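S.K.: Predicted model and sequence below, questions to follow.
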Number of protein chains: 2
Amino acid sequence: MHLLVVGSISLDSVETPLDRVQNVIGGSSSFFASAASYFTDVRIVGVVGNDFPLQELNFLKSRNVDFTGLRIIPGKTFRWGGKYFENMNERETLFTELNVFQEFNPIIPVEYHESEYVFLANIQPDLQLNVLNQVKTPRFVALDTMNYWISGMLPALKKIISRVDLLTLNDQEVAQLSGEKNVLTGARKILKMGPKALIVKRGEFGASLVTPESFFWVPAFPVEKVVDPTGAGDTFAGAFMGYLAKTDDLSEANMRRAIVYGTALASFCVEDFSLNRLRNISKTEINERFLKLLDMIKCDSGEML
Amino acid sequence: MHLLVVGSISLDSVETPLDRVQNVIGGSSSFFASAASYFTDVRIVGVVGNDFPLQELNFLKSRNVDFTGLRIIPGKTFRWGGKYFENMNERETLFTELNVFQEFNPIIPVEYHESEYVFLANIQPDLQLNVLNQVKTPRFVALDTMNYWISGMLPALKKIISRVDLLTLNDQEVAQLSGEKNVLTGARKILKMGPKALIVKRGEFGASLVTPESFFWVPAFPVEKVVDPTGAGDTFAGAFMGYLAKTDDLSEANMRRAIVYGTALASFCVEDFSLNRLRNISKTEINERFLKLLDMIKCDSGEML
């Protein structure tokens, strides 16, 4: 199945307690496509400036990522700067220069109109809705968003939320959107806004899948040395959607597997800056972490009380 | 199998953002025995003052908890006061009055010398060692401790750690004892001090079992309304040890089941103050949460990449 992603492509500058990089490739679509392309064909819609080092994404072309929907326009690429604190779980945004991204109004190429799987990465809710209206009959649509849109554009956000199958949020965003401190209560409340499922991204504590009837939780894959957490959420989403598109099976059991693959890929992402670790992972390495994660949550009922 | 616990029995005063109680029954042994007694016979060694409302523990006698090792001496029972912050994950100790607990020097009754399973709850490491020396040939010994002993009595603590099979710590204690920020790295370092396994208690994020070869993680059972987290760790330990003693199977697969039962019982504990919710739970209710937890982590490998 074809997987379409609409989101940002950026040049990031990242400071961690141990190291720093400047103007490296980032953005939700970059991370998403890097992970998803291990599983299925990916179509990118986005915009970069003419300062963007496109050749650095050649590795994605060799994994069947289609860049027909990428516009290159005169000007500077979207730039983001962030700094991580000691525990690597919290960060502060140092700067956001939208540049060419400011005028981003995603036009979906005709060849993409029949994409069965769609990921609306974290951009303005109105644009997400605009994208969705251009796709003909998607089989499964997932949406990411952030605190900024929850506080600033709630009506538009609720509109697009009501149209998607799955939403991804972190713990704080669940609380903010639902007004509930308890994550599960909040998640169930959000499901009443429309989506059939919600993924709660919990950083070093893993990820949860919440549906009206069930709750699944897989811990993060234990990485001994986290270099840079930037992009882990989009990498997770990329592998999750990539696996679903590859298998084309939307059962809960399969969504759980997709979450475990998402968790596996996210663990590679944080081992290096930018897309570096995602450039070239073998299927064996990916499946190894997938199976290790399954082993980390394996338990049978045995002799009961 | 017989399960011996040595720890505190106290009168607690607890403040939460919504409510408060004064002089209710608390202490590691109380919570531990309340949970463990659903699974096996429990023997308590401890001390209370003559102000202690012993009749309130009658429910434990009816579940085969043996109080032969409980000394009642003139004076006041150990009292502890604590206050929970908004998120219920962090607390501050308001006061600690050791009272009769100050002179606690646990003598293990002869009838208890052949206890196969032993839990050394969080008391001074020297006393824990003293207890262990009195038990003849225990089959499995688990130890709990806290930041206070890690910073103040490290040599004595390391001595007892080297003698036990399993240690329970929270994330912060793992970091403090190992000097490692990464939990898994820290846990593996601690295993080199002697124990065959380490349980990391992670509050609302559940619990992990770490052995030199493996890593298991079960999330907390989602409780929609947490009333008071006090005693959740000891309740967890009680069900964990109770299940092991009942089944007398120390395989990793069975330790994992024990952790899931521990998690189930801890979720009941936090639903009310003191031992209230632990007084009377049906086996059906316990098994229901056990099975729901198993379902929360259930995932098969399906179609792999």
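M.R.: Arrived safely.
S.K.: Can you show me the strands along chain A?
M.R.: In chain A, the strands defined using DSSP state E lie at A:3-6, A:10-15, A:20-26, A:42-49, A:65-73, A:79-84, A:91-97, A:117-120, A:140-144, A:166-170, A:197-201, A:207-210, A:215-218.
S.K.: Could you identify the longest helix within chain A?
M.R.: Longest helix in chain A by number of residues, with DSSP state H as the criterion: helix A:252-269.
S.K.: can you dump the C-alpha coordinates of that helix into CSV?
M.R.: Extracted C-alpha coordinates of helix A:252-269, given in CSV (Å, rounded to 0.1, in the frame of the first residue of the first chain):
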residue,chain,number,x,y,z
GLU,A,252,-5.8,-4.4,17.0
ALA,A,253,-3.3,-7.3,17.1
ASN,A,254,-1.5,-5.9,14.1
MET,A,255,-1.6,-2.3,15.4
ARG,A,256,0.2,-3.6,18.5
ARG,A,257,2.9,-5.1,16.3
ALA,A,258,3.1,-1.8,14.4
ILE,A,259,3.7,0.0,17.8
VAL,A,260,6.5,-2.4,18.7
TYR,A,261,8.1,-1.8,15.3
GLY,A,262,7.7,2.0,15.9
THR,A,263,9.4,1.6,19.3
ALA,A,264,12.2,-0.4,17.7
LEU,A,265,12.9,2.2,15.0
ALA,A,266,12.7,5.1,17.5
SER,A,267,15.4,3.4,19.5
PHE,A,268,17.8,3.6,16.5
CYS,A,269,16.9,7.2,15.9
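S.K.: Going by neighbour count, which residues in that helix are buried?
M.R.: In terms of neighbour count (16 or more other Cβ atoms under 10 Å in any protein chain shown), helix A:252-269 has its buried residues at A:254-269. Yep, even glycine has a C-beta here, placed from its N, CA and C like the rest.
S.K.: rewinding a little: select, out of the strands of chain A, the one closest to chain B.
M.R.: Nearest to chain B among the strands of chain A is strand A:215-218; the distance by Cβ to the nearest Cβ comes to 4.1 Å.
S.K.: sorry, back to before: how far off centre is the longest helix of chain A?
M.R.: Relative to the chain's own centre, helix A:252-269 is displaced by 12 Å; criterion: Cα atoms, centre = their mean, to the nearest Å.
S.K.: Find the centremost residue of chain A, please.
M.R.: The centre of chain A sits closest to residue A:234, judged by Cα atoms, centre = their mean, with a distance of 2.4 Å.
S.K.: if I pick that residue, what's in contact with it?
M.R.: Residue A:234 sits next to A:7, A:28-32, A:35, A:121, A:144 when contact means Cβ atoms under 8 Å, 6 or more residues apart in numbering or on different chains.
S.K.: quick one: which of these is most hemmed in?
M.R.: Counting neighbours by other Cβ atoms under 10 Å in any protein chain shown, residue A:35 comes out on top of the contacts of residue A:234 with 33 neighbours.
S.K.: Burial check on the nearest residue to residue A:50 once chain neighbours are set aside, number of neighbours?
M.R.: Distance criterion Cβ to Cβ, 6 or more residues apart in numbering or on different chains; nearest residue to residue A:50, sequence neighbours excluded, is residue A:74 at 5.4 Å. By other Cβ under 10 Å, 8 other residues sit near residue A:74.
S.K.: Please apply the same query to residue A:43.
M.R.: Applying other Cβ under 10 Å, I find that residue A:43 has 25 neighbouring residues.
S.K.: Tell me the bridge partners for it.
M.R.: residue A:4, residue A:66 (DSSP bridges).
S.K.: residues near residue A:182, how many?
M.R.: For residue A:182, the neighbour count with other Cβ under 10 Å is 19.
S.K.: Quick check: pLDDT value at it.
M.R.: We have a pLDDT of 88 for residue A:182.
S.K.: Ok, residue A:147 next?
M.R.: 95.
S.K.: I'd assumed residue A:176 was in contact with it.
M.R.: Yes: using Cβ atoms under 8 Å, residue A:147 makes contact with residue A:176 at a distance of 5.9 Å.
S.K.: more neighbours, these two?
M.R.: Using other Cβ under 10 Å, the more surrounded residue of residue A:147 and residue A:176 is residue A:176, with 17 against 13.
S.K.: which residues sit in contact with the nearest residue to that one once chain neighbours are set aside?
M.R.: Nearest residue to residue A:176, sequence neighbours excluded (Cβ to Cβ, 6+ apart): residue A:150, at 5.0 Å. Going by Cβ under 8 Å, 6+ apart, residue A:150 touches A:157, A:173, A:176-177.
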